[in-house]
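K.L.:
Mind looking at a prediction? Sequence and model below.
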Amino acid sequence: AQSVTQLGSHVSVSEGALVLLRCNYSSSVPPYLFWYVQYPNQGLQLLLKYTTGATLVKGINGFEAEFKKSETSFHLTKPSAHMSDAAEYFCAVSLSGYSTLTFGKGTMLLVSP
Amino acid sequence: DTGVSQDPRHKITKRGQNVTFRCDPISEHNRLYWYRQTLGQGPEFLTYFQNEAQLEKSRLLSDRFSAERPKGSFSTLEIQRTEQGDSAMYLCASSLARTSGDEQYFGPGTRLTVT
């Protein structure tokens, strides 16, 4: 079975600072990895995904993530935070050949002026 | 708007009552998923359909829960004899089946409160 651990339920940054949201996964087979963002009272929006190939994945809104197999990690970064980035972020994993997603508990990103 | 839609957005019901939620996926998507999200947690998988066939159900889906997708288009999720523990956000997602890593598009959710 697969699982996802997101370190830090809340992360606070200043506007313009680096954003780093951590995600570690557990999987017995090569995983597919996703980051989703959820704004208040809205559904989840896909930021980026890793399936195969290049381990550095670029997504929407300036976010990117790097798949590191040796560290079983898929951390999400953005060089410069914007106030509009304040939201909850979820890391998720699925297995090759399967569709269902297993999500982490989420990290709330707070951005201060 | 051609995204995933869910109805109703909010539902308040008394314990013991039955409730039904509807999800309309993106029109060309053949896969449809239901997830449940409680406060402070990530979404948890409940069940999914490919076209009209229900292919997988989570152990979370007790026998009080039933889902249908009769014509391979919209889907309904019914909860019978609701309990306070059923209070949660119910999320629907759809995707177009690919050979790997199909992207799921989520609706806004239905927030259920059982009093």
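P.N.:
Sure, I can see it.
K.L.:
now the strands for chain A?
P.N.:
If you assign secondary structure with DSSP state E, the strands in chain A sit at A:3-7, A:10-14, A:19-26, A:31-38, A:44-50, A:56-58, A:64-68, A:73-78, A:87-95, A:102-103, A:107-112.
K.L.:
Format the ones you listed as a markdown table; extra columns: mean neighbour count, distance to B:Asn30 and mean pLDDT.
P.N.:
C-beta coordinates here come from the backbone N, C-alpha and C atoms, glycine included. A markdown table is the format used below for the strands of chain A (neighbours: other Cβ atoms under 10 Å in any protein chain shown; distance: least, Cβ to Cβ, whole Å; pLDDT from 0 to 100):
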| stretch | mean neighbour count | distance to B:Asn30 | mean pLDDT |
| --- | --- | --- | --- |
| strand A:3-7 | 17 | 26 | 93 |
| strand A:10-14 | 14 | 37 | 97 |
| strand A:19-26 | 18 | 27 | 96 |
| strand A:31-38 | 24 | 19 | 94 |
| strand A:44-50 | 20 | 18 | 94 |
| strand A:56-58 | 14 | 25 | 95 |
| strand A:64-68 | 18 | 28 | 95 |
| strand A:73-78 | 21 | 27 | 97 |
| strand A:87-95 | 22 | 17 | 93 |
| strand A:102-103 | 22 | 22 | 94 |
| strand A:107-112 | 17 | 32 | 97 |
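K.L.:
Indicate which one of those is closest to chain B.
P.N.:
If you check each of the strands of chain A against chain B by Cβ to the nearest Cβ, strand A:102-103 wins as the nearest, at 3.1 Å.
K.L.:
Could you find the residue nearest the spatial middle of chain B?
P.N.:
Centroid check for chain B by Cα atoms, centre = their mean gives B:Trp34 as the closest residue, at 3.1 Å.
K.L.:
Provide the partner residues of that one in its beta bridges.
P.N.:
Here B:Trp34 sits in beta bridges with B:Thr47, B:Cys92, going by DSSP bridges.
K.L.:
so which of the strands of chain A gets nearest B:Arg64?
P.N.:
Evaluated with Cβ to Cβ, these place strand A:102-103 nearest to B:Arg64, the distance being 23.2 Å.
K.L.:
just to revisit the earlier point, could the strands of chain A go into TSV alongside distance to B:Arg59?
P.N.:
Putting these into TSV (distance: least, Cβ to Cβ, whole Å) gives the following:
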stretch	distance to B:Arg59
strand A:3-7	15
strand A:10-14	30
strand A:19-26	19
strand A:31-38	21
strand A:44-50	22
strand A:56-58	32
strand A:64-68	29
strand A:73-78	26
strand A:87-95	17
strand A:102-103	13
strand A:107-112	26
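K.L.:
So which of the ones you listed is nearest B:Ser66?
P.N.:
Judged by Cβ to Cβ, the one of the strands of chain A that comes nearest to B:Ser66 is strand A:102-103, at 23.2 Å.
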